[in-house]
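> sequence and predicted structure below; questions after.
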Amino acid sequence: MVAPVSDSKRGVSSVRILITGAAGFLGSHLCDRFLAEGNTVIGMDNLITGNPRNIAHLAGNPQFTFIRHDVTNFIYVAGEIDAVLHFASPASPIDYLKFPIQTLKVGSLGTHNTLGLAMAKGAKYLLASTSEVYGDPLEHPQREDYAGNVDTIGPRGVYDEAKRFAEAITMAYHRAHRLDTRIVRIFNTYGPRMRLDDGRVVPNFIGQALRGEALTVYGDGTQTRSFQFMSDLIEGIYRLLHSNFNEPVNIGTQEELTIADFARLVNDITGSKAGIVYKATERIKGDPQTRRPDSTRARTILNWQPVVPLEVGLKQTIAYFREVL
């Protein structure tokens with residue numbers, strides 16, 4: 001468990017957690033979860049891709065503090081910290097292709113700075129990594145001991161390699177400095193607070209369906225993905241932080257479906273009659289054809305498995321996008 005620090009003003013013990021990327025899709029849900037557990041949360045974000053609306057509901061919460069800061073610069077936080085969760089990074093192809101240098105810097109300098117802060121504070125450290133470290137995998141499903149098939153100089157390399165470096169330096173701090181670290185490899189996740197314009201398939205399809213447009217499927221739609229609802233991921237991350245396991249852990253559903261089947265499901269749930277348009281296109285270099293985790297490690301070590309059915313999660317996500325359109 002994360003050991004609490006003493007709060008002399010209140011005469012009680014509390015857990016104080018720093019979450020970088022706090023205004024992002026996942027970071028904001030993590031803030032909610034840790035606050036709901038009675039913790040004190042410091043959210044940090046430079047808002048390059050994060051949205052202040054995601055944490056607007058936390059304004060006035062005495063247990064939450066927001067600091068606007070770029071973690072690629074030196075980080076100063078007064079007082080004790082029990083855990084650092086590093087979730088700052090552009091995460092969608094549109095974002096990291098728009099901000100390639102920033103993506104590389106937050107994965108390298110930002111990870112270095114947050115590790116240094118955790119070490120200085122004697123805090124636990126959890127790195128948000130990604131299934132993209134496997135690249136376009138030649139192994140299916142992907143196990144944590146699979147080294148991956150990554151194009152280092154391709155357009156997606158800025159994100160893939162940033163995360164691979166982040167994992168390497170995190171394990172270096174664990175081995176050389178005995179820092180208590182965790183690494184979560186996040187597979188495709190969806191839910192409320194995603195941006196409609198972030199370029200990922202879930203908001204793309206939902207946005208098109210709600211606007212009465214045909215869903216655009218590139219290629220023949222046989223490429224596969226495994227979609228998990230954000231609350232399942234947050235639960236996995238919470239359990240991982242409170243575990244004693246230091247090596248990477250995949251968090252993702254093993255329910256795999258084709259993009260064409262997923263498009264049909266979105267149309268069914270939204271009631272869209274516009275159908276699907278298939279656009280012949282060359283496969284984007286580095287874009288994975290298949291993506292599904294081997295989640296044995298999460299099941300056995302964390303006693304975790306996803307519980308939200310895809311249709312249930314999609315209905316909640318669609319309801320959210322109806323409000324923001």
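Alright, I've got the coordinates. Numbers count the residues shown, from 1 in each chain.

> check the secondary structure at the closest residue in space to Asn46 that isn't next to it in sequence for me.
Nearest residue to Asn46 in three dimensions, chain neighbours excluded: Asp70, at 4.1 Å (Cβ to Cβ, 6 or more residues apart in numbering). C-beta coordinates here come from the backbone N, C-alpha and C atoms, glycine included. Using DSSP: H, G, I helix; E, B strand; the rest coil as the criterion, the local structure at Asp70 reads coil.

> just checking, Asp70 touches Leu47?
No - counting by Cβ atoms under 8 Å, Asp70 sits too far from Leu47 to count as a contact (9.5 Å).

> those two: which is more packed in?
Asp70 (19 against 13; other Cβ atoms under 10 Å).

> against Gly50, how distant is that one?
In this view, Asp70 and Gly50 are 12 Å apart by Cβ to Cβ, to the nearest Å.

> cool, and Tyr218?
In terms of Cβ to Cβ, Tyr218 sits 28 Å off from Gly50.

> what pLDDT does the residue nearest to Asn46 get?
We have a pLDDT of 98 for Asp70.

> and what of Thr181?
pLDDT at Thr181 comes out at 98.

> show me what contacts it?
By Cβ atoms under 8 Å, 6 or more residues apart in numbering, Thr181 lies in contact with Leu115, Lys124, Tyr125, Leu126, Leu127, Thr170, Met171, Tyr173, His174, Asn246.

> any idea which helix or strand carries the first one?
Using DSSP states H and E, the element containing Leu115 is helix 111-121.

> do the third one as well
For Tyr125, the element it lies in under DSSP H and E is strand 124-130.

> can you list the residues that contact the top helix by length along the chain?
Longest helix in the chain by number of residues (criterion: DSSP state H): helix 157-177. With contacts defined as Cβ under 8 Å, 6+ apart, helix 157-177 is touched by 86, 89-91, 93, 96-97, 100-101, 103-104, 106-108, 111-112, 115, 119, 125, 127, 129-130, 132-133, 135, 148, 150-152, 179-181, 183, 246-248, 286.

> what are the bridge partners for Val217, then?
Going by DSSP bridges, Val217 is paired in beta bridges with Tyr278.

> per-residue pLDDT of it, please?
With respect to pLDDT, Val217 has a value of 94.

> name the nearest residue to Leu117, sequence neighbours excluded.
Leu117's closest residue in space is Ile75 (Cβ to Cβ, 6+ apart), at 5.0 Å.

> contacting residues for the one you found?
Ile75 neighbours (Cβ under 8 Å, 6+ apart): Met44, His69, Asn113, Thr114, Gly116, Leu117.

> secondary structure element for the nearest residue to the third one once chain neighbours are set aside?
Spatial nearest neighbour of Asn113, excluding adjacent residues (Cβ to Cβ, 6+ apart): Ile75 at 5.1 Å. Secondary structure here is read from DSSP H and E; on that basis Ile75 sits in neither a helix nor a strand.

> check the one 3 residues further on too.
With elements delineated by DSSP H and E, Ala78 resides in a region that no helix or strand encompasses.

> I'd like the distance between it and Gly110.
20 Å.

> swap in Tyr173?
From Tyr173 to Gly110 the distance is 14 Å (Cβ to Cβ).

> look at these two and report which has more neighbours.
More neighbours surround Gly110 than the other of Tyr173 and Gly110, with 26 against 21 (other Cβ under 10 Å).
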